[in-house]
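>>> Task: produce atomic coordinates for the following.
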Amino acid sequence: MRSMARAVTTPRAGARWAAAAAATTVLLAGCSSKESGSEADAPAPGGEGIAAPATCGTDGDKREMRGAWLTTVRNIDWPSEPGLSADEQKAELDQWLDESVEMGLNAVFLHARPTADAVYDSELEPWARYLTGEQGGDPGYDPLEYAVEEAHKRGLEMHAWFNPYRVGLQDPDIENLADDHPVKQNPDWLVDFGKEAYVDPGNPEVREWVTAVIMDVVERYDIDGMHFDDFFYPYPQDGATFDDDASWQAHGGDFDDRGDWRRDNVDQLMRDVHGQIQETKPWVSFGVSPFGIWRNDATDPSGSPSSGLQSYDAQYADTRTWIQEGTVDYVAPQLYWERGFSTADYEALTDWWANEVEGTDVDLYVGQGAYRLGESGWTGDDALSTQLDYSSENEQVMGDIYFSIKSMRDNPGAVNHLLENHYAQPALPPVIDSPEGEGARVGAPTGVTAQAGDETVEVEWQAIEGARFYAVYRLPAEAAQALEGGDDEAYCAALAPGNLVGMTGESALTDSAPLEDGAGYVVTALDDYRAEGPVSEIADPRT
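Predicted structure coming up:
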């Protein structure tokens, strides 16, 4: 991801959570949801809570994607080296998740399929070599299952990051494929390309296989998202030719141009994956992090004001079509270039991508190049904050994803600057559009208590059916009094971004910064679509 993107320098943007408010309709338990366009009439499990209006205008201001890529290939991030014991790997992963929370993040993108292999227990593909040092080596536990469970406990989304076509480098990957690797069983799927090798996107069997592998994970794991990065057809290499003559001759008959055929091959995969996810678990978001330039305006007048590599022509990744067709739920273009960079200006590309998603149901997150910290033009602690200073003001930008998390760990000054200037308040993740219409499918948490300690308050509640996460709010005295009066404006004021303590998947959360004159705490539940349900009764730590 880094090496290819840096070759032509990739920009990327960050953002504020913007238009999620409309999707964050709050339904009371026991109320019919037909008024909001849903056919589901059954009351949501849980308590009835305090009466809620349909929407709050500030909902979007507390929703933002704050993610980081946790890379397994070449042991870039995790595990730190192959061959660690299961307990050692778990301890390292726990540390990454703890640090994610400390960094103000709310999502982790785990590299679960780095080179047509698996960082999870699979009957379809062998274990990734980065776990044990040998492809096919069983690490003694299921890393993805463990990662999902531990992330959710901490209030973090866990997205499975897949490379659909890449099989790896000739040395060591291709030379050491496990005997049961699908490419060993189907050698005609493989296309050598210089120092790398890929399965052939033009072979329908490959597309069916990749889709089946993806859906196996969607069906068996409680992931929050399925994520592709920028590896489709390979980045150009000097002297290397992608030899797909056989599949072109067999399957390209409807196309005059091989480039159009290759783009259609990728388009079909995107449609297949998105369509099957929607049929199976529509709350699992499906998105892609493409190279930051679709096409330059010198090639296509509707392209961006840039002059770098074009993913449409070089990798046959027609991101614009995916946005227009809605075959992705979000795009996170890799805008790994600084503001003012003449070849690919961060500001110009942020605006271009924002224009592409405007008026669609596709969200825009910006892929941030944290790996560039320390390079020329990226030396100050404000290097990442400077990027967000611009992109977070664009209402189409709904968050950021950082490559990679190790670069964040290695640059605490940049992270602290982000925390002070952009992440001072926690944020809930963006809402996923439901095919059933708007409205939360979960009731209010019950049995909420707040116990004051010396400098903290421990808030606890009863877990309720249908809750994926819980959000905890601390209330100033005036907000609590108004909320008890049942006023819609007071309800929204209580759930304002400044009152949010944090999100968790468990039934307790500690507030380490309670208000001296605070009057209590309320808790809401988030359903699988991350829509927020009604507010619980107020728990007052003073009583």
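
>>> alpha carbons only for contacts and neighbour counts from here, please
Will do.

>>> what's the longest helix in this protein?
Taking DSSP state H as the assignment, the helix of the chain that covers the most residues is helix 258-280.

>>> helices or strands up against the helix or strand following that helix?
Sequence-wise, the next helix or strand downstream of helix 258-280 (DSSP states H and E) is strand 285-288. Contact here means 3 or more C-alpha pairs under 8 Å, 6 or more residues apart in numbering; DSSP states H and E; on that basis strand 285-288 packs against strand 225-228, strand 330-331.

>>> Mind exporting the C-alpha coordinates of the longest helix of the chain to CSV?
Presented in CSV, the C-alpha positions along helix 258-280 are these (Å, rounded to 0.1, in the frame of the first residue of the first chain):
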residue,chain,number,x,y,z
ARG,A,258,-8.9,-4.5,-23.5
GLY,A,259,-8.8,-1.7,-21.1
ASP,A,260,-12.6,-1.4,-21.1
TRP,A,261,-12.8,-5.2,-20.6
ARG,A,262,-10.4,-5.1,-17.7
ARG,A,263,-12.4,-2.3,-16.0
ASP,A,264,-15.6,-4.3,-16.5
ASN,A,265,-13.9,-7.3,-14.8
VAL,A,266,-13.3,-5.3,-11.7
ASP,A,267,-16.7,-3.6,-11.9
GLN,A,268,-18.3,-7.0,-11.9
LEU,A,269,-16.4,-8.1,-8.8
MET,A,270,-17.4,-4.9,-7.0
ARG,A,271,-21.1,-5.4,-7.9
ASP,A,272,-21.0,-9.1,-6.9
VAL,A,273,-19.5,-8.4,-3.5
HIS,A,274,-21.7,-5.5,-2.6
GLY,A,275,-24.8,-7.2,-3.8
GLN,A,276,-24.1,-10.3,-1.8
ILE,A,277,-23.2,-8.4,1.3
GLN,A,278,-26.5,-6.4,1.0
GLU,A,279,-28.4,-9.7,0.8
THR,A,280,-26.6,-11.3,3.7
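
>>> so how far is that helix from its chain's centroid?
Centre-to-centre, helix 258-280 and its host chain are 20 Å apart (C-alpha atoms, centre = their mean, to the nearest Å).

>>> cool, stretch 203-212 as well?
Centre-to-centre, stretch 203-212 and its host chain are 24 Å apart (C-alpha atoms, centre = their mean).

>>> Next, the buried residues of that stretch.
Of the residues in stretch 203-212, 203-204, 206-207, 210-212 count as buried by neighbour count, 16 or more other C-alpha atoms under 10 Å.

>>> And these, which is closest to Ala531?
Of all the buried residues of stretch 203-212, the one with the least separation from Ala531 (C-alpha to C-alpha) is Thr211, at 27.9 Å.

>>> which intervals of the chain have sub-threshold pLDDT?
Counting by pLDDT under 70, the chain contains low-confidence ranges at 1-45, 48-55, 486.

>>> hang on, the earlier thing: distance to Ile401 and mean neighbour count for the helices and strands packed on strand 285-288 - can I get that in TSV?
Below are these laid out as TSV (distance: least, C-alpha to C-alpha, whole Å; neighbours: other C-alpha atoms under 10 Å):
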stretch	distance to Ile401	mean neighbour count
strand 225-228	12	24
strand 330-331	11	24
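
>>> tally of neighbours for the closest residue in space to Glu358 that isn't next to it in sequence?
Spatially, and ignoring its direct neighbours in sequence, Glu358 is nearest to Gln396 (6.6 Å; C-alpha to C-alpha, 6 or more residues apart in numbering). Residues near Gln396, counting by other C-alpha atoms under 10 Å, number 26.

>>> before we move on, what about Gly437?
A total of 17 residues lie near Gly437 under the criterion other C-alpha under 10 Å.

>>> Where does it sit: helix, strand or coil?
The assignment at Gly437 comes out as coil when based on DSSP: H, G, I helix; E, B strand; the rest coil.

>>> With Asp400 instead?
strand.

>>> Would you mind confirming that it is in contact with Gly367?
Yes - proximity of Asp400 to Gly367 meets the contact threshold set by C-alpha atoms under 8 Å, at 5.8 Å.

>>> Just send the buried residues of stretch 203-212 back as JSON lines, with distance to Pro333 and secondary structure too.
Listed next are the buried residues of stretch 203-212 as JSON lines, based on distance: C-alpha to C-alpha, whole Å; DSSP: H, G, I helix; E, B strand; the rest coil:
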{"residue": "Asn203", "distance to Pro333": "27", "secondary structure": "coil"}
{"residue": "Pro204", "distance to Pro333": "27", "secondary structure": "helix"}
{"residue": "Val206", "distance to Pro333": "25", "secondary structure": "helix"}
{"residue": "Arg207", "distance to Pro333": "23", "secondary structure": "helix"}
{"residue": "Val210", "distance to Pro333": "22", "secondary structure": "helix"}
{"residue": "Thr211", "distance to Pro333": "22", "secondary structure": "helix"}
{"residue": "Ala212", "distance to Pro333": "26", "secondary structure": "helix"}
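
>>> want to try CSV for the residues you listed, with distance to Ala414 as columns?
Formatted as CSV, the buried residues of stretch 203-212 follow (distance: C-alpha to C-alpha, whole Å):
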residue, distance to Ala414
Asn203, 45
Pro204, 45
Val206, 42
Arg207, 41
Val210, 38
Thr211, 38
Ala212, 40
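
>>> just curious, which of these is nearest to Ala240?
Asn203 (20.0 Å).

>>> Near the nearest residue to that closest one once chain neighbours are set aside, how many residues? Count them for me, please.
Spatial nearest neighbour of Asn203, excluding adjacent residues (C-alpha to C-alpha, 6+ apart): Ser247 at 5.8 Å. If you count neighbours by other C-alpha under 10 Å, Ser247 ends up with 16.
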